[in-house]
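Peer 1: Sharing a sequence plus its predicted fold:
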Amino acid sequence: MSANLPLVSILVPSFNSATYLPQLCQSLQAQTYQNFEILILDDGSTDDTARALAPFRGDPHFRIFGWTPNRGVNAATSALLGLMKGDYWCNPGADDVLHPDFVAKRLDRLESSPEAAMVHGPAEIIDASGQPRKDDFPRLELPAKMDGKRALAVLLQHDIVGTSSVLVRSDITRLILPFFLCRWKYAPDWHLWLLHAATGFDLLWDERCLHKYRVHDQSLSNTPHYNTVRSAEIRLVPLCALSAAAQFSPLAADQWSKWRKTLYRAWLLRAVNLQAEGTLQEDWLQLAGHAYYGKNAGRISLFQELCRHALGMPLTRLKEQHAIKQQSFRVSGIAQINDPIFR
């Protein structure tokens, strides 16, 4: 490793990924840019992960950690963020594969734009065997550079960032980590990118496809158990992230003043549906209420909140439905912002 080149930290949380992890590690060793550290955290795996990593323990680039029991990808990623030494970091999935020029090209793009917090890009979708798979993900026409104000507004509508594709400035991440809520199961990355955008730094898009994203039966996106969690978190994450970001960012404080009622009422509408299904969790209700009213808010009652917001909730639904009709891409967050890239 050279002291004259920026150090890049490659963070890999891994759980039961023994089948695919060696291929990722080999793609990391093959990088054309070599001033990096690889931090792998074995998150309580019960498969042959230890044996799969054995061939890489002699490589000085690798720092391998482990704990038990399994604590989830969010806890593992948060721990790795606290251990990283690099000026920049990236976060490939344990079952993904990086192009040999991934680090070099992402780093070149980010270093040439000091006003940017991070760069992201598209992925090639592969199946369990590594073969190209039909890409069912809708494509958006993203600008090469998005200023912080617009990036925050766009991210409040939808998580447009593919986590496996990013390269991020570590100093900016360290600034926002105290505000990062580590409880999410489905959308921790969305929360993280919203906090980064709130700093006001630009978001860069690199149209080059520099990694392979693997989709298989064990992928989180293919796990039915997470459907309810997803339904709740796509309403909770933007609410909680913007509330937290408003504490350190004038840009976020302005957006919070404008959208806090919309975010909270959209959550209440979702909470009613979850309650009818018998899947509403009490901690979700308290989390949303404390984000909206502040940490000193008392215990939140769904019935009381529905009474308080009885007039605003139908209006929020109508505005959302009107905005959705104008959009060709269905967003997960605040449709009413209605940025042109979603139309």
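Peer 2: Yep, that arrived.

Peer 1: This protein: strands as residue ranges?
Peer 2: Counting by DSSP state E, the segments of the chain that form strands are 8-14, 36-43, 62-67, 88-90, 97-98, 116-120, 124-126, 145-146, 167-169, 202-205, 211-214.

Peer 1: Generate JSON lines for those, with mean pLDDT and distance to A79 as supplementary columns.
Peer 2: Every residue, glycine included, has its C-beta placed from N, CA and C. As requested, the strands of the chain are exported to JSON lines (pLDDT from 0 to 100; distance: least, C-beta to C-beta, whole Å):
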{"stretch": "strand 8-14", "mean pLDDT": "97", "distance to A79": "8"}
{"stretch": "strand 36-43", "mean pLDDT": "97", "distance to A79": "6"}
{"stretch": "strand 62-67", "mean pLDDT": "97", "distance to A79": "8"}
{"stretch": "strand 88-90", "mean pLDDT": "98", "distance to A79": "13"}
{"stretch": "strand 97-98", "mean pLDDT": "98", "distance to A79": "22"}
{"stretch": "strand 116-120", "mean pLDDT": "98", "distance to A79": "20"}
{"stretch": "strand 124-126", "mean pLDDT": "92", "distance to A79": "28"}
{"stretch": "strand 145-146", "mean pLDDT": "98", "distance to A79": "30"}
{"stretch": "strand 167-169", "mean pLDDT": "98", "distance to A79": "17"}
{"stretch": "strand 202-205", "mean pLDDT": "98", "distance to A79": "25"}
{"stretch": "strand 211-214", "mean pLDDT": "94", "distance to A79": "23"}
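
Peer 1: Turn the ones you listed into CSV, including distance to S231.
Peer 2: Below are the strands of the chain laid out as CSV (distance: least, C-beta to C-beta, whole Å):
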stretch, distance to S231
strand 8-14, 24
strand 36-43, 25
strand 62-67, 30
strand 88-90, 29
strand 97-98, 31
strand 116-120, 25
strand 124-126, 24
strand 145-146, 28
strand 167-169, 28
strand 202-205, 27
strand 211-214, 23
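
Peer 1: To E320, which of those lies closest?
Peer 2: Nearest of those to E320, taken as C-beta to C-beta: strand 145-146 at 23.2 Å.

Peer 1: Quickly run through the sheet partners of that closest one, with directions.
Peer 2: strand 202-205 (antiparallel) (DSSP bridges).

Peer 1: just for the stretch 201-343 of the chain, where's the confidence low?
Peer 2: 217-225 (pLDDT under 70).
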